[in-house]
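S.K.: Following is a predicted model, sequence given first.
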Amino acid sequence: MFKNHNIKFDVNVTYTDEVDLIKHLLDHYDNRARPVLNSSHTVQVLLRITPTLISDLVWVDERLTWDLLTYNNLTNIIIPPNIIWVPDVILYNNVDGYGESFKSKALVNYKGEVLWGPPNRYHASCKIDLKYFPFDVQKCTLKFGSWMYDETQLNLSALVNEVCLDLYMPNGEWHLNGVTVNRPCKGGINPRIKHFMFKRLARYLGATDIVQSYMNREAPAVVCQSDIDSGLSCSVDSPNLHQENGYIRSTSTNKLHGNNQVEGSSSSRSQDVSTALITELRQLTRFCHQKRKSNSVAEEWKLLAILLDRMFFVIYATFTSLITLTILILVPLKGEWFNKYMN
């Protein structure tokens, strides 16, 4: 039936033959029943998934077959999926719900082979193991299967053993190691499992996580070192605030000594960082105010331009109408006066 998974659909359509064929096929067709002539038969459904997660489904509808000679060698037709039977294959671990997506039309050939490719994009939830971070390898499992039919009614298989990577876009943080497909169990609902193996690129952390961690370590000093004499209260949340020389000091009983004075190279370094950050924040604030002011002025000029444009249009329309009416009224009068003068 699906020999070597090479399914061909030739486009050779005649309009009148196509209309007659669709009427003939769908005359007594009921899309609520499985597409088999014998209820003991199992519907074989082939599934193809790309890394972009746009799925293709292929199956045989035994009620949608016809003779080529009867319909002028018409090899295939295109039918909306809402009027024929389609498999209820879903992603079990989908996090976006199971709402209706765009329903593309199905392609049916004279053998009853149906090709339906709904352009769905799935968002799945996957467990993350950070034991070997940043050299970790993550496995994301996508569990596809029929929602209602068991394996005696619908058998879900992979259309191809290998996943097509033509549409896969490389990622700067993750590398796709491979994709495997298996069937975990037999009996009952028959899910088809796809495992996507991703390996983290450790060099990606050099420009992101490491720099961000350093900034998070220094950022709390901005709150506590700036405007100390203003009398404002501040809070500090830093992982190494109470840690020094290998032991943790208690803060519940000890008090700071001195009068708002913090000594040491660490304090001076934090103060330099906080001063630089405050300077940058002030420049950003000043830039935002200037940008808002320039946008306001631009909007005012735009409004003035619209008002002037409409005013000149009204003046132009008024003068044009007056001149046209004057010509239409004076020309007949001048013509009568000229005729009287000549006579």
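M.R.: Yep, it's here.

S.K.: Do a quick rundown of the helices in this protein.
M.R.: Ranges of helices in the chain, per DSSP state H, are 15-25, 209-218, 220-225, 265-342.

S.K.: Lowest average confidence across the ones you listed, which one?
M.R.: When these are compared on mean pLDDT, helix 220-225 scores lowest, with a mean of 44.

S.K.: Could you check how many residues crowd around residue 159?
M.R.: 16 (other C-beta atoms under 10 Å). Backbone N, C-alpha and C define where each C-beta goes, glycine included.

S.K.: should've said residue 156
M.R.: Neighbours around residue 156, by other C-beta under 10 Å: 23.

S.K.: so what's it scoring on pLDDT?
M.R.: pLDDT, residue 156: 83.

S.K.: is it in a bridge, and if so with what?
M.R.: residue 45 (DSSP bridges).

S.K.: so how far is residue 74 from it?
M.R.: 30 Å (C-beta to C-beta, to the nearest Å).

S.K.: Next: residue 283.
M.R.: Taking C-beta to C-beta, one finds residue 283 at 71 Å from residue 74.

S.K.: For the two, indicate the residue with more neighbours.
M.R.: residue 74 (20 against 10).

S.K.: Name the nearest residue to that one, sequence neighbours excluded.
M.R.: Counting by C-beta to C-beta, 6 or more residues apart in numbering, residue 74 lies nearest to residue 17, which is 5.0 Å off, once chain neighbours are set aside.

S.K.: same thing with residue 66?
M.R.: residue 110 (5.4 Å).

S.K.: is residue 179 in a bridge, and if so with what?
M.R.: residue 196.

S.K.: So what's the residue count around it?
M.R.: Neighbours around residue 179, by other C-beta under 10 Å: 19.

S.K.: Equivalent analysis for residue 108, please.
M.R.: A count of nearby residues for residue 108, using other C-beta under 10 Å, gives 26.

S.K.: now residue 311
M.R.: Residue 311, neighbours per other C-beta under 10 Å, totals 10.

S.K.: Likewise for residue 104?
M.R.: 14.

S.K.: ok, now how distant is the residue nearest to it when sequence neighbours are not counted from residue 280?
M.R.: Closest residue in space to residue 104, ignoring its immediate chain neighbours: residue 118 at 5.5 Å, by C-beta to C-beta, 6+ apart. Distance, residue 118 to residue 280, using C-beta to C-beta: 49 Å.

S.K.: These two: which is more packed in?
M.R.: Using other C-beta under 10 Å, the more surrounded residue of residue 118 and residue 280 is residue 118, with 17 against 10.

S.K.: Ramachandran angles for the more buried one?
M.R.: phi -70, psi 130 (degrees, to the nearest 10).

S.K.: Would you mind measuring from it to residue 56?
M.R.: The separation that residue 118 has from residue 56, given C-beta to C-beta, amounts to 9 Å.

S.K.: ditto for residue 23
M.R.: 28 Å.

S.K.: Among these two, which residue is more densely surrounded?
M.R.: residue 56 (16 against 9).

S.K.: quick one: that one and residue 115 touch, right?
M.R.: Yes. Taking contact to mean C-beta atoms under 8 Å, the distance of 6.9 Å between residue 56 and residue 115 places them in contact.

S.K.: burial measure for the residue lying closest to residue 181 once chain neighbours are set aside, as a count.
M.R.: Residue nearest to residue 181 in three dimensions, not counting chain neighbours: residue 158, with 4.8 Å by C-beta to C-beta, 6+ apart. Around residue 158 there are 18 other residues, counting by other C-beta under 10 Å.

S.K.: Alright, that wraps it up for me.
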